[in-house]
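>>> I'd like to go over a predicted model; first the sequence, then the structure.
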Amino acid sequence: MYSSISAAAPTRGIPRFALLHIVAVILLQATSTSVITLMPILAAKRFFAGEWEVLFITAAPTVFFTLSIFWNDLFKHTRFSPYMLVYWATACLPLAFIGLAEHYWMLLIPHLICSVGGAGYHPAAGELLNRLYPGTIRGRVYSVIWAISLLAGAGIGYGFGKAMQGNDEAFRVILPVSAVFQLLGVLLFSWIARKVDCDTGRVQISEDRTLYQRIVEPITHMREVLKNDSVFARYEAAYMTYGIGWMITYALLPILVTKKLNLGYDEIATSTQVAYLFGMVLMLWPAGWLMDKLGPVRSTGLSFAMLTFYPIGLIFAPDVWWLTLVSFIYGISHAGTSVGWMLGPVSLAPTPDKVPQYVAIHATFVGIRGKIFQGLGVLLYSTTQSFTLAFSLAAIAFAWSAVQMWQLNSLIVARGRNAQ
């Protein structure tokens, strides 16, 4: 059940589609990642936001991942191209209005709208990934695509930081231009989808469903999947534990670099996003290879164990050079988790038509843990005025999530033996 589900995926034309896929992902995700990274720093340094105001900006993109199952419901009943245009209008177009911001609230409201829309990316991305590449090579192809996208993201993020350091009004140009590039990415995504028949299998549904049914049905379907698929449920449980550590460090990093280390825009970009992305790029191919050879459970568990050292390094960070080294090591450690984040649900889905739903469920749990644990991290910091307790909890969570993944792998191996 948990072997590759895409043996029938087309193999002809992979290099051509892979190249176009890379360009589309760069236009959409590399730009998006750089913008998301910039937002809390912009709020803190340009709009003088407090700790909790920075948290609202930092947490929003992950918190609203909760809406992924509802976006997946729309995706199931909408053709690929119109769906992607709705995604762009919600997730990308509001960036142009942030360019007009004169105070914190004019930044926050469009950012929240973008975060609502951002949850719509994953069902479509998972479907396209499954349609384009057979399971025997998907991990390695995805690792190459993601590596190139991350390198582009590092360059974009560095450019954003340099532009903002020279002129803190540069965001008024950066953000609208980013929205235009993302529109180009949406159009390219849609063109590729038409070439591989991503609209095949769309479910036509009566439009007389009530609002209540539209809200309840995706939740009910998610509960059914987790109840009936114990392996996927335990995979999500391990990611939930990992999410404690990730959300705490993610929420506190903007506070660490602005409040404790007092870094400039360019130093922040170089010592966090750029160093992290370069470290991840170095390990993405090995991570993809491990994903193909060992499967998503064992390889992701190894990555979780390595992540234990990231929050410990942040506790002792005295300057920009230490932070750069820690971020680089973090990228190396996080590569397996990044690959497993998408390929795990794709591989564990029992049939191809279930892939968007499994990816959406996985993304939804990001939002759930984001709601809880980012606030917990900031609360621990604001209460103690120290990063030590919060980052120590993050390290423990990373370590325990690795144990959960290895226990799950033992269960899968035992079931395989019993089935023989």
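Thanks, I have the structure now. Residues are numbered from 1 along each chain as shown.

>>> can you map out the helices along the stretch 251-400 of the chain?
Applying DSSP state H, counting those that start in this stretch to the stretch 251-400 of the chain gives helices spanning 265-268, 275-294, 296-307, 309-315, 320-348, 355-384, 388-419.

>>> need the ones you listed in CSV with distance to residue 186, mean pLDDT and mean neighbour count, can you?
Yep, even glycine has a C-beta here, placed from its N, CA and C like the rest. Shown next, in CSV, are the helices of the stretch 251-400 of the chain (distance: least, CB to CB, whole Å; pLDDT from 0 to 100; neighbours: other CB atoms under 10 Å):
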stretch, distance to residue 186, mean pLDDT, mean neighbour count
helix 265-268, 28, 85, 21
helix 275-294, 23, 83, 22
helix 296-307, 28, 89, 25
helix 309-315, 33, 95, 20
helix 320-348, 19, 87, 23
helix 355-384, 17, 82, 21
helix 388-419, 34, 85, 17
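
>>> Indicate which one of those is closest to residue 57.
Taking CB to CB, helix 355-384 is the member of the helices of the stretch 251-400 of the chain nearest to residue 57, at 10.9 Å.

>>> now the closest one: how far from the chain's centre is it?
Once both centres are worked out by CA atoms, centre = their mean, to the nearest Å, helix 355-384 turns out to sit 12 Å from its chain's centre.

>>> Which elements pack onto that helix?
Judged by 3 or more CB pairs under 8 Å, 6 or more residues apart in numbering; DSSP states H and E, the packing partners of helix 355-384 are helix 51-63, helix 68-76, helix 121-132, helix 211-228, helix 230-255, helix 320-348, helix 388-419.

>>> now these in CSV, with distance to residue 25?
Shown next, in CSV, are the helices and strands packed on helix 355-384 (distance: least, CB to CB, whole Å):
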stretch, distance to residue 25
helix 51-63, 17
helix 68-76, 18
helix 121-132, 8
helix 211-228, 26
helix 230-255, 21
helix 320-348, 11
helix 388-419, 26
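
>>> what's the closest of these to residue 355?
helix 121-132 (4.6 Å).

>>> packing partners for the closest one?
Here helix 121-132 touches helix 14-25, helix 68-76, helix 80-91, helix 135-166, helix 171-195, helix 320-348, helix 355-384, going by 3+ CB pairs under 8 Å, 6+ apart.

>>> Can you spell out which helices and strands pack onto the second one?
In terms of contacts (3+ CB pairs under 8 Å, 6+ apart), helix 68-76 is packed against helix 80-91, helix 121-132, helix 211-228, helix 355-384.

>>> Turn these into JSON lines, columns for distance to residue 107.
Formatted as JSON lines, these follow (distance: least, CB to CB, whole Å):
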{"stretch": "helix 80-91", "distance to residue 107": "16"}
{"stretch": "helix 121-132", "distance to residue 107": "22"}
{"stretch": "helix 211-228", "distance to residue 107": "29"}
{"stretch": "helix 355-384", "distance to residue 107": "18"}
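
>>> among these, which is nearest residue 267?
helix 355-384 (21.2 Å).

>>> That closest one to helix 320-348, inter-axis angle?
On the basis of axes from the mean of the first three to the mean of the last three CA atoms, to 10 degrees, helix 355-384 is oriented at 150 degrees to helix 320-348.

>>> Give me the angle between helix 355-384 and helix 121-132.
Relative orientation of helix 355-384 versus helix 121-132 (the same axes, to 10 degrees): 140 degrees.

>>> Just want the angle from helix 355-384 to helix 68-76.
Counting by the same axes, to 10 degrees, helix 355-384 lies at 160 degrees to helix 68-76.

>>> Count residues in the vicinity of residue 119, would you?
Residue 119: 28 surrounding residues under other CB atoms under 10 Å.

>>> related to what we said a few turns ago, between the helices of the stretch 251-400 of the chain, which one is nearest to residue 74?
Shortest distance between residue 74 and those, using CB to CB, is found for helix 355-384: 10.3 Å.

>>> excluding its backbone neighbours, what's nearest residue 227?
Leaving aside its sequence neighbours, residue 227 sits nearest to residue 233 (CB to CB, 6 or more residues apart in numbering; 7.6 Å).

>>> The one you found is in contact with residue 226, isn't it?
Yes: at 4.5 Å, residue 233 counts as touching residue 226 under the criterion of CB atoms under 8 Å.

>>> Would you mind telling me which of the helices and strands packed on helix 68-76 is nearest residue 334?
helix 355-384 (14.4 Å).

>>> which stretches of the stretch 51-200 of the chain have low pLDDT?
Under the criterion pLDDT under 70, the flagged ranges of the stretch 51-200 of the chain are 135, 139, 199-200.

>>> returning to what we had before: select, out of the helices of the stretch 251-400 of the chain, the one closest to residue 147.
Of these, nearest to residue 147 by CB to CB is helix 275-294, at 4.1 Å.

>>> That closest one - contacts with which helices or strands?
Helices and strands touching helix 275-294, by 3+ CB pairs under 8 Å, 6+ apart, are helix 135-166, helix 296-307, helix 320-348.

>>> Need the ones you listed in a markdown table (columns: distance to residue 115).
Below are the helices and strands packed on helix 275-294 laid out as a markdown table (distance: least, CB to CB, whole Å):
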| stretch | distance to residue 115 |
| --- | --- |
| helix 135-166 | 18 |
| helix 296-307 | 24 |
| helix 320-348 | 18 |
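
>>> Looking at the ones you listed, which is nearest to residue 269?
That would be helix 135-166 among the helices and strands packed on helix 275-294, by CB to CB, at 2.8 Å.

>>> quick one, that closest one and helix 296-307 angle?
Using the same axes, to 10 degrees: helix 135-166 against helix 296-307 is 30 degrees.

>>> Any buried residues in helix 135-166, and which?
Buried residues in helix 135-166, counting neighbours by 16 or more other CB atoms under 10 Å, are found at 135, 137-143, 145-154, 156-158, 160-161, 163-164.

>>> and what of stretch 186-202?
Under 16+ other CB under 10 Å, the buried positions of stretch 186-202 are 186, 188-190, 192-193, 196, 198.

>>> And the residues you listed, which is closest to residue 123?
residue 198 (11.0 Å).

>>> got the end-to-end distance for stretch 256-272?
In stretch 256-272, first residue to last residue: 11 Å (CA to CA, to the nearest Å).

>>> how far does that stretch sit from the chain's center?
For stretch 256-272, the separation from the chain centroid amounts to 22 Å (computed by CA atoms, centre = their mean).

>>> Repeat that for stretch 164-172.
26 Å.
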